[in-house]
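>>> kindly generate the corresponding structure for this input.
(2 chains)
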Amino acid sequence: DTEVTQTPKHLVMGMTNKKSLKCEQHMGHRAMYWYKQKAKKPPELMFVYSYEKLSINESVPSRFSPECPNSSLLNLHLHALQPEDSALYLCASSQEGGRTYGYTFGSGTRLTVV
Amino acid sequence: EDQVTQSPEALRLQEGESSSLNCSYTVSGLRGLFWYRQDPGKGPEFLFTLYSAGEEKEKERLKATLTKKESFLHITAPKPEDSATYLCAVQPSHGSGNTGKLIFGQGTTLQVKP
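Down below sits the predicted model:
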C-alpha cells in the first residue's frame, strides 16, 4: 500500500463542473507536489508546496487551483476543465533538507473530462 | 537546458535474459538521480536514489549505477513480473533549495515474456 493516499481514484466531470482532488500523507514530509501524466508520457510537474508555501507554478492554467491546508494535506481544485485536461493526476511528497530523498507517489486520480 | 533521455524506448526480453536500461542526463548540477517503476494506471514506485558518480545500489534483480553523464539500470534474470515502465529522473542542484523539482525521462517500457 502506498503511503500517499489520493482520492478519488477515478473521476469523470463535465466542462462546467467544479471538483476537487485530494491527497494525504502521514510520513512527516514537508514538501508535496502535483503532477499531471498523459498516456505514455512522463509526469509533468504542476505545483510544489514546500512547508505549506507554493514554491513553483509552472504556468499551469488557472482552471487548476492548488491548496495546502496543512503539511499532510494537498488539494487540487478543478473548474471549467477542457477535454485535453484528461490525464492521470499524481500527488507526491518528499523530505526536504541537505540531501535529496526520493518522492513517494500516490496511486493517482484518473480524470476524464467530457 | 536540463534534459533526461532514456533508451531504449521499449525492450522485450525473454525470462532470464539479462539487459540494461540507459538514462543519459544533462544538468548543470546534480542533486540526485532517481529510478522509478510504474505499472499501467498506477503512480511511480520509488526504486533508487543515486547521488554521485561511481555509486551503485541493488534491490533484488535490479542494480543501478551512475556516472557523470548517465545511469544504467541493470536487470539480471528478469521475470514476467518485472514488466513495467521504468522512469529515470534527475533533480538539479541549482534553484531554490526546497523546490524539489524532478526532470523525468520518457521512460523505458519493459516486457518480459515467460
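>>> surely residue A:80 meets residue A:16?
Yes. In this structure residue A:80 lies within contact range of residue A:16 using Cβ atoms under 8 Å: 6.7 Å. Using the backbone N, CA and C atoms, a C-beta is placed for each residue, glycine as well.
>>> who's more crowded, those two?
More neighbours surround residue A:80 than the other of residue A:80 and residue A:16, with 14 against 8 (other Cβ atoms under 10 Å in any protein chain shown).
>>> so how far is chain B from that one?
26 Å (Cβ to the nearest Cβ, to the nearest Å).
>>> what does the pLDDT read for the spatially closest residue to that residue that is not a sequence neighbour?
Closest residue to residue A:80 apart from its sequence neighbours, by Cβ to Cβ, 6 or more residues apart in numbering or on different chains: residue A:63 at 5.1 Å. On pLDDT, residue A:63 comes in at 94.
>>> dig out what residue B:64 forms beta bridges with.
residue B:57, residue B:73 (DSSP bridges).
>>> coming back round to it: and the residue nearest to residue A:80, how many neighbours?
14.
>>> what's the distance between it and chain B?
Distance, residue A:63 to chain B, by Cβ to the nearest Cβ: 22 Å.
>>> which residues touch that residue?
A:78-82, A:85 (Cβ atoms under 8 Å, 6 or more residues apart in numbering or on different chains).
>>> cool, and residue A:43?
A:35-37, A:90, B:44, B:87, B:102, B:104.
>>> repeat for residue A:44
So residue A:44 contacts A:35-37, A:58, B:104 (Cβ under 8 Å, 6+ apart).
>>> try 7 Å this time
A:35-37 (Cβ atoms under 7 Å, 6 or more residues apart in numbering or on different chains).
>>> so what sits opposite it in the bridge?
residue A:36.
>>> same check, this time on residue A:76
In beta-bridge terms (that is, DSSP bridges), residue A:76 pairs with residue A:21, residue A:66.
>>> you'd agree it is up against residue A:34?
Yes. The criterion here is Cβ atoms under 7 Å, and residue A:76 meets it with residue A:34 at 5.4 Å.
>>> shared neighbours, these two?
What both residue A:76 and residue A:34 touch, as defined by Cβ under 7 Å, 6+ apart, is the set A:66, A:89.
>>> so who does residue A:21 touch?
Each residue near residue A:21 by Cβ under 7 Å, 6+ apart is listed here: A:6, A:75-76, A:78, A:89, A:109.
>>> which residue packs closest to residue B:71, ignoring adjacent ones?
Residue nearest to residue B:71 in three dimensions, not counting chain neighbours: residue B:23, with 4.5 Å by Cβ to Cβ, 6+ apart.
>>> wait, the one you found sits on residue B:106?
No. Look at residue B:23 against residue B:106 with Cβ under 7 Å: they stay out of range, at 10.2 Å.
>>> neighbour-wise, which of these two wins?
residue B:23 (27 against 16).
>>> which residues touch that one?
B:4, B:6, B:70-71, B:88, B:105.
>>> note down every partner strand of whichever strand or helix holds it and its orientation.
Secondary structure from DSSP states H and E places residue B:23 in strand B:19-26. Strand pairing for strand B:19-26, using DSSP bridges, gives strand B:3-7 (antiparallel), strand B:70-75 (antiparallel).
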